[in-house]
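> What shape does this take:
(3 chains)
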Amino acid sequence: MPLNSKIPQGELSQKWTTYKSTCKLVNPANKRQLEVIVIGTGLAGASAAASLGEMGYKVKTFCFQDSPRRAHSIAAQGGINAAKNYQNDGDSTYRLFYDTVKGGDYRSREGNVYRLAEVSANIIDQCVAQGVPFAREYGGLLSNRSFGGVQVQRTFYAAGQTGQQLLIGAYQALERQVALGNVTQYSRHEMLEVVIIDGKARGVIVRNLVTGELERHFGHAVLLCSGGYGNVFYLSTNAMGSNVTAAWKAHKSGAFFGNPCFTQIHPTCIPVSGDHQSKLTLMSESLRNDGRIWVPKKQGDTRKPNEIPVEERDYYLERRYPAFGNLVPRDVASRAAKERCDAGYGVGSSRQAVYLDFASAIERYGKIEAGKHGNHNPDAETVRQLGEEVVKEKYGNLFEMYEKITGEDPYKIPMRIYPAVHYTMGGLWVDYELMTTVPGLYALGEANFSDHGANRLGASALMQGLADGYFVIPYTLGNYLADDIRTKAIPTTHEAFEAAEKKVKERIETMMNIKGSESVESFHKRLGKIMWDKCGMARNAKGLAEAIEEIKALRKEFWANVRIPGEIKEYNPELDKAGRVADFLELGELMCKDALYRSESCGGHFREESQTEEGEALRKDDEFTLVAAWEYKGDSNFELHKEDLNYEVMHLTQRSYK
Amino acid sequence: MEHYSMNLTLKVWKQKNTKTKGHFETFQVKNISSEMSFLEMFDVLNEQLIAEGKEPIAFDHDCREGICGMCSMYINGRAHGPWHHTTTCQLHMREYKDGDTIVVEPWRANAFPVIKDLVVDRQAFDRIIQAGGYISANTGNAVDANSIPIEKHKADEAFAAAACIGCGACVAACPNASAMLFLSAKASHLALLPQGDPERKIRAVNMVEQMDKEGFGSCSNIGLCEASCPKGISLENIARLNREYLGAVFGEGGDNA
Amino acid sequence: MNWKHYFTTSVGRKLVMGFTGLFLVLFLLVHCYVNSMIFISRNAFNAAADFMGTTVAIRIMEIGLFAGIILHIIQGLMLARMNKAKRSIGYATNTTNTKQVPWYSRSMTLLGTLVMLFLIMHISHFWVPSRITHDLNATKLPNGVETHDLFQKMLDVFQSPIVVVLYLIGVASLAFHLFHGFFSACQTMGLTSHKYKNFLKGFGIVFSVIVCLLFAAMPISMYMGWVA
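Numbers count the residues shown, from 1 in each chain, chains lettered A, B, ... in the order given. Presented below is the predicted three-dimensional model:
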């Protein structure tokens, strides 16, 4: 099947305008007859459901959490990008587009990214109208800050809780539609199958997680807004419940999976403290503006950080990348930390951490502050106090969080950080209209693959989720549904619903009947270790090939020996988790296969075989300027389809941060 | 910081479902590291129970970084445990020492029925938001974001109120099981902004009505909600909500509810 | 929405508590001022009492006062009962944060009930004989007007140490009730914004301390014979 990305013809800047003015529309009376199912209620799902509800569609939303407001979009800290140019620093739609494509290491679609940049400004307007309390200047206007990989200030933020505020904005808009009767909301429900009738997505099978009952829901179209799959690594910055199940079921029902191996490893996370570790916590990228990263020059140095004199410290980012120093992009910073720890220079009890030190910043700010107070010869203690105050104002909440988790005071002792899985650029393959290869089945937000290429820039995830939900899907869904106005609601007694439900039921029963001896959690941990060791920050052909076999074996073991306590027809979190881990066990294999296929290094995907003499990532543009879209062909069998990426405007160059 | 390991006795509320009666059960956990989070300690306990062929304890949790508002344990007589401005998931075991006994209960309020063990149903909060916790601004209606300047301190105050994570600790801690802190945080957040001004009165009245319908108690201004709020939502928000309500009672614009 | 509806929501009921509470606080101020006349002289006090008992406007306000007290009590007890019913299964453990939340804030119903019991005794001591049964000694004020000798009644009542102790308990309950009540009423009215919060909190406490100390001083000084 040839992949048609359906990018509109014409000049880059006119594509979306042309699309909007020529796409088909559905009249209001017909919208009331059309039902839309939205899976997931994070930024993409909540904004899509709210917008579609406002337009008059009959919408049903589903989320596995107890309320739409819990979706993990809420945990995003830093901010959201928008090409507003409020700072008069030369920003524009084109620059945001340019930075995003370049940041993604030239593995994203020009058309999609340009549209994203175009609607970014509308997102900020919409959010402000909804009451999102963005940070403001004293004049009452919006404040901006800068983020990694760009030269302008275009990031809008609400302290360190931007994701929370944006999600609550979308959630409120969604709840308003629920109150108006346009949206029906189902929480503690998990989607377990897509129902396909005559080649089109026409509904879902969901499990009520409280009662354990299976339910059938019809929809003229199904929107998957179910987020990313970073939890395949067991330890990640994702929420405990974040999973691939909805996307994976869609994949197994015919939706292609795009670039599954593209994973973002975030450089600044609180390191693992022991085997008990259940998740990892991110420390915002903004910390690298003021913190200096170092390890001891001596291998296995056990001295306390403050006892190591400056000349015995290796500020390796500043050493290796003098031009960008501590502010190199995420993928580069992560790999450099791994390199040092692997070489035996790691710190902390696990030796899997590096220091992020604020002492210089505290001293620098302290001196400036003292100067402001007219004290030009301050003593060290005064400088430290004044400096700490400045740092506290900028990063207070992050420092507090660090102290709660580790019990160490980062004002006095350098933070220990280590890279952790954070975001998955890969996802369901979608065309320009966000439709997967299954007609009527859409993927929005992190669940799709489209906009971030091989590496996502900071503050772009929130932008993409909301762009898809508020401004893209309302048009593109209408274009599809306009042809569907004569389709009456299909009763859920239809044989396709019967069959789908039977399949789900059987799978659950099989799983419950294994009654083995190993817990779901244990399998998940073992999968995570394989993925992290062999498909993590650095990958090679040998390791990936091994991983594929190991995962297959582990999956077999899972289906023979997993132990799930409790009953099917009750609230049973272990059963929920088992279903998710079973899907991760299949996805993991595909990720390794994709990583094995892509023998170049690009963005977050670093193949050890493909690096420059200095150890930097080396792209192979001739061979891999493409999207690898995988089709599910049955057990362990995936067929590769290639979508060539055509760069009409951008010129491909190798990134350098030296 | 010195790390240590400890053995603990846990008394945990067990309840099969909403309809059945619950009871306390006692569990022993061994070799708990002081570096673990409170929920990781529960993970250890659950793994142990599964290995013994018993049913693990159901508890709500998701982000485990203090922002989603899902975790909800009443630990030794305090909502979210002993640490100030901290959710259950951010409480760490270095708070406890070897041999301690910890009593863990679910949020208790009739408006939050127990689903299982420590898991409660908080959909009442969604319905309170549905009653008016929003600004009626359809997608595409917005004017330029900078066309209405907002005083910085007002924007900051709105943000402080909007920091609510909807966990329900306020209800759990309140002797009246009142949801006023939750409700007022939302009413304040929106009333403080010019965009939320047109609906401020009707919002206050409708949200209060819904809170009553859901079976939450009334506010006695005791302040235990504020004391247990992991995000430090201030009682001033309740005063502000009352002001809005009073405005609706005596002024124009609160009708049509 | 109609008026009745506005005042029967949870916030509406609290508004009723707040309004009546603040009204009663105003009464306390007047009552305290009038009674403090005992520290000046028997005649000054009796004259003031006579004014309060014979002025038509004040007698009408007195009806309002009783209505307020009754409303405050009934509403308070109803709210307490309703609120208690919102948590059918209580907590097994409770270690309330006493630093941030003082005991009296959590004991308003208890304190209110004590004040109510005290009020019944207090009314039967003075108001009933003065306004209903009229079994008080007569006295003549310097301006020749004949009136009840309420001062003498006070002296008589406060000869009993038990009564004095009961009065002290009543007044102390009132003080703690007001510590929370004054601020709480202001909070319910929405007056406690960031600017005024601390002032109102402080004012409430200072007010309660002064008024209640004055009230406490009355039975004590009569019993000790400091005023005659």
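
> quick one: stretch C:195-215 to chain centroid distance?
With CA atoms, centre = their mean, to the nearest Å as the basis, stretch C:195-215 stands 14 Å off its chain's centre.

> Identify all contacting residues around it.
Residues outside stretch C:195-215 that contact it (CB atoms under 8 Å, 6 or more residues apart in numbering or on different chains): B:236, B:239, C:25, C:28-29, C:32, C:35-36, C:171-172, C:174-175, C:178-179, C:181-183, C:186, C:191-192. (C-beta placed from N, C-alpha, C; glycine too.)

> beta partners for residue A:197?
When assigned by DSSP bridges, residue A:197 has beta-bridge partners residue A:200.

> quick one: it and residue A:66, what's the gap?
Distance, residue A:197 to residue A:66, using CB to CB, to the nearest Å: 32 Å.

> what about these two, which has more around it?
residue A:66 (27 against 17; other CB atoms under 10 Å in any protein chain shown).

> In contact with the more buried one: list those residues for me.
A:187-188, B:60, B:70, B:121-123.

> how about a cut-off of 6 Å?
A:187-188, B:122 (CB atoms under 6 Å, 6 or more residues apart in numbering or on different chains).

> Any regions of chain A where pLDDT drops low?
For chain A, residues meeting the criterion pLDDT under 70 lie at A:1, A:149.

> Residue nearest the middle of it, spatially speaking?
Centre of chain A computed as the mean C-alpha position; nearest residue by CA atoms, centre = their mean is residue A:423, 3.3 Å away.

> Chain C now?
residue C:28 (5.7 Å).

> Show the pLDDT at the closest residue to it other than its chain neighbours.
Nearest non-adjacent residue to residue C:28, counting by CB to CB, 6 or more residues apart in numbering or on different chains: residue C:211, 5.6 Å away. Per-residue confidence at residue C:211 stands at 97 (pLDDT).

> And residue C:98, by the same measure?
63.

> And for the one 4 residues further on?
Looking at residue C:102, its pLDDT stands at 90.

> Tell me who's in contact with it.
So residue C:102 contacts nothing (CB under 6 Å, 6+ apart).

> Show the contacting residues for the one residue in chain C that gets nearest to chain B.
Closest residue of chain C to chain B, CB to the nearest CB: residue C:190 (2.9 Å). Contact analysis of residue C:190 by CB under 6 Å, 6+ apart lists B:239, B:242-243, B:246.

> Does it fall in a helix, a strand, or a coil region?
coil (DSSP: H, G, I helix; E, B strand; the rest coil).

> Flag every residue of the stretch 101-250 of chain B that's near chain C.
Residues of the stretch 101-250 of chain B lying near chain C by CB under 6 Å from any CB of the partner chain: B:103, B:105, B:108-110, B:176-177, B:208, B:212, B:217-218, B:221-224, B:227, B:236, B:239, B:242-243, B:245-246, B:249.

> quick one on the thing from earlier: so how far is residue C:36 from the residue nearest to residue C:28?
In terms of CB to CB, residue C:211 sits 10 Å off from residue C:36.

> Those two - which one has more neighbours?
When residue C:211 and residue C:36 are compared for neighbours, residue C:211 comes out ahead with 21 against 17, by other CB under 10 Å.

> And the strands in chain C, which stretches?
Using DSSP state E, the strands of chain C run over C:138-140, C:146-148.

> so which of these comes closest to residue A:10?
strand C:146-148 (100.3 Å; CB to CB).

> closest point of chain C to chain A, which residue?
For chain C, CB to the nearest CB, closest residue to chain A: residue C:194, 16.8 Å.

> What residue, apart from its backbone neighbours, is nearest residue A:395 spatially?
residue A:287 is the one closest to residue A:395 (CB to CB, 6+ apart), at 6.2 Å.

> Tell me, how many residues neighbour that neighbour?
Residue A:287: 23 neighbours (other CB under 10 Å).

> Just to be sure, it is in a strand?
No - going by three-state DSSP, the assignment for residue A:287 is helix, not a strand.

> show me the contacts for the residue nearest to the centre of chain A.
A:228, A:264, A:456.

> Name the nearest of those relative to residue B:26.
residue A:228 (40.0 Å).

> Spell out which helix or strand contains residue 147, please.
This is for chain A. Following DSSP states H and E, there is no helix or strand that holds residue A:147.

> For it, what are phi and psi?
phi -130, psi 170 (degrees, to the nearest 10).

> Now do the strands in the stretch 1-150 of chain B.
B:5-14, B:23-33, B:74-75, B:78-79, B:101-105, B:114-116, B:119-120 (DSSP state E, counting those that start in this stretch).

> which other residues reach the longest one?
Residues outside strand B:23-33 that contact it (CB under 6 Å, 6+ apart) are A:274, B:5-12, B:14, B:41, B:44-45, B:93.

> For the residues you listed, work out which two are farthest apart.
Across these (CB to CB), the longest gap, 28.1 Å, separates A:274 and B:14.

> if we can go back for a sec, what's the ChimeraX syntax to select whichever of the contacts of stretch C:195-215 are buried?
To isolate the buried subset of the contacts of stretch C:195-215 in ChimeraX, counting by 16 or more other CB atoms under 10 Å in any protein chain shown, use the following:
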select /B:236,239 /C:25,28,32,35,36,171,172,174,175,178,179,181,182,183,186,191,192
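
> Nothing else from me, thank you.
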